[in-house]
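Visitor: sequence and predicted model, in that order:
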Amino acid sequence: MQRLLDEYPPVIWWDSQVEVSSALERLRRRGELSPEEYAAARQRQESMGAWLEIPPTEDLRELAKVCLARHELRAAGALQLAAALTWCRERPSGRPFLCRDRRLIAAARAEGFLVVEL
């Protein structure tokens, strides 16, 4: 993953930082992250560097609805996929898509992204 981050500047959906924070807080509350692991993850999140952030727009919202109709996704996954499709002007062939979510992986592959499972 670090190699890909070095090679390609990250492109993220407008709400990605909130999603990451949500996951970290959930893991912290469940005791699945030690205080040290939580602090390190927070530090990594804040020091990720520069990225291109895809903002929420009406066009993106409509594309997310199309993604929901095409794929077995939840709202957040559809917004992530729509943001990626917006970034590549709906030409995903050969574009890397880093992901851990099984539904989003399947949808991104079906759309033509080169999926890197994390």
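Guide: Cool, got the structure.
Visitor: and the next element down the chain from the helix or strand bottoming out on mean pLDDT in the chain?
Guide: Using mean pLDDT, DSSP states H and E, helix 2-7 stands out as the lowest-scoring helix or strand of the chain, at a mean of 74. For helix 2-7, the following helix or strand on the C-terminal side (DSSP states H and E) is strand 11-13.
Visitor: partners of that following strand, with directions?
Guide: According to DSSP bridges, strand 11-13 forms sheet pairs with strand 52-54 (parallel).
Visitor: tell me which residues in the strand it pairs with are buried?
Guide: residue 54 (16 or more other Cβ atoms under 10 Å). The way it works is simple: take the backbone N, C-alpha and C, and place the C-beta from them, glycine included.
Visitor: and the contacts of it?
Guide: If you take Cβ atoms under 8 Å, 6 or more residues apart in numbering as the criterion, strand 52-54 is touched by 9, 10, 11, 12, 13, 14, 16, 60, 83, 84, 86, 87.
Visitor: try 10 Å
Guide: 9-17, 60, 79-80, 82-87 (Cβ atoms under 10 Å, 6 or more residues apart in numbering).
Visitor: buried ones among those residues?
Guide: 11-13, 15-16, 60, 79-80, 82-86.
Visitor: tell me who's in contact with residue 64.
Guide: Counting by Cβ under 10 Å, 6+ apart, residue 64 has contacts 13, 56, 73, 75-83, 85-86.
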